[in-house]
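Asks: Sequence and predicted structure below; questions after.
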Amino acid sequence: MDSPLILFLSLSLPFALFLSLRRTSTVRFPYPNPILGNLIPFLRNRGRFLDWAPSLLSLSPAGTIEVITPLSLSHGVATSNPSVVNHLLVSNFCNYVKGRRIRSALSDLLGDGFFIADGILWSLQRKIVSREFTTRSLRSFSADVFQSQIHDRLLPVLSSAAAFGEVIDLQDVLKRFAFDSICTVSFGHDPRSLGLD
């Protein structure tokens, strides 16, 4: 008689402990499965991910959620809380390294620069960049780029369409205008996706 009771307790206590540990102050990206992580809610909402993820953040009391991959191979944090962002990126940056996986995935696109660097290298690059990218200089450079894009690209496309009475997809034209402008400001390269074809 004692043996079934001991068996029941030995199986139920770890399960109860697991359930109590699951209830933490961080809102988890809804109720992760111990094996599948957040895969099932993600798959259910993949068609509306850009609406679903912010709604989870707004429902979280701290504005922060934890994301867990299947088999708990990887954990992530998503936040919309400005104080958490400040903690991660400014006041305690050295404790949150990007790691080899992130660097290898993004190094072809971003090189070994500011966006991928960790530790002392990041701190040094941040000091250099912060002197160059003051609000005034960034605003001035952005204004110059946007004026140039408007006069050299957007207006000729619109004028040509008006002169020949063509119907154009204005959303597509403005999307290409924004893409060219943002790439020029951010990366120093103009992809020239907007222009007279």
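Replies: On my side now, so go ahead. All values reported here derive from a predicted model rather than from experimental measurement.
Asks: Just give the nearest non-adjacent residue to the spatially most central residue of the chain, would you?
Replies: Taking C-alpha atoms, centre = their mean, the centroid of the chain lies closest to A78, which sits 8.3 Å from it. Nearest in space to A78, with sequence neighbours left out and distances taken as C-beta to C-beta, 6 or more residues apart in numbering, is I65 at 5.2 Å. To be clear about C-beta, it is placed using only N, CA and C from the backbone, and glycine gets the same treatment.
Asks: where's the one you found, which helix or strand?
Replies: When elements are assigned from DSSP states H and E, I65 belongs to strand 64-68.
Asks: Just read off the phi/psi values of N33.
Replies: In this entry, N33 is assigned phi and psi values of phi -80, psi 140 (degrees, to the nearest 10).
Asks: Quickly list what I65 is bridged to.
Replies: Beta-bridge pairing of I65, defined through DSSP bridges, involves V27, A78.
Asks: confidence score at it?
Replies: In the prediction, the pLDDT value recorded for I65 is 85.
Asks: Just the mean pLDDT for stretch 150-157, thanks.
Replies: For stretch 150-157, the per-residue pLDDT averages 94.
Asks: Kindly indicate whether the residue nearest to L154 when sequence neighbours are not counted is helix, strand or coil.
Replies: Closest residue in space to L154, ignoring its immediate chain neighbours: F177 at 5.1 Å, by C-beta to C-beta, 6+ apart. Under DSSP: H, G, I helix; E, B strand; the rest coil, F177 falls in the helix class.
Asks: which sections of this protein are below the confidence cut-off?
Replies: Within the chain, the ranges that satisfy pLDDT under 70 run 1-31, 197.
Asks: One more pass at 80, please.
Replies: Counting by pLDDT under 80, the ranges of the chain that qualify are 1-34, 89-90, 93-99, 110-115, 118-120, 122-123, 126, 129-133, 195-197.
Asks: how about the helices of the protein, start to end?
Replies: Under the criterion DSSP state H, helices of the chain are mapped to 2-22, 39-44, 49-59, 82-86, 99-110, 119-132, 135-149, 155-164, 170-187.
Asks: Dump these to TSV, plus mean neighbour count and distance to T69.
Replies: Formatted as TSV, the entries for the helices of the chain read as follows, by neighbours: other C-beta atoms under 10 Å; distance: least, C-beta to C-beta, whole Å:
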stretch	mean neighbour count	distance to T69
helix 2-22	9	17
helix 39-44	14	8
helix 49-59	13	15
helix 82-86	12	21
helix 99-110	11	12
helix 119-132	12	26
helix 135-149	13	36
helix 155-164	12	44
helix 170-187	15	29
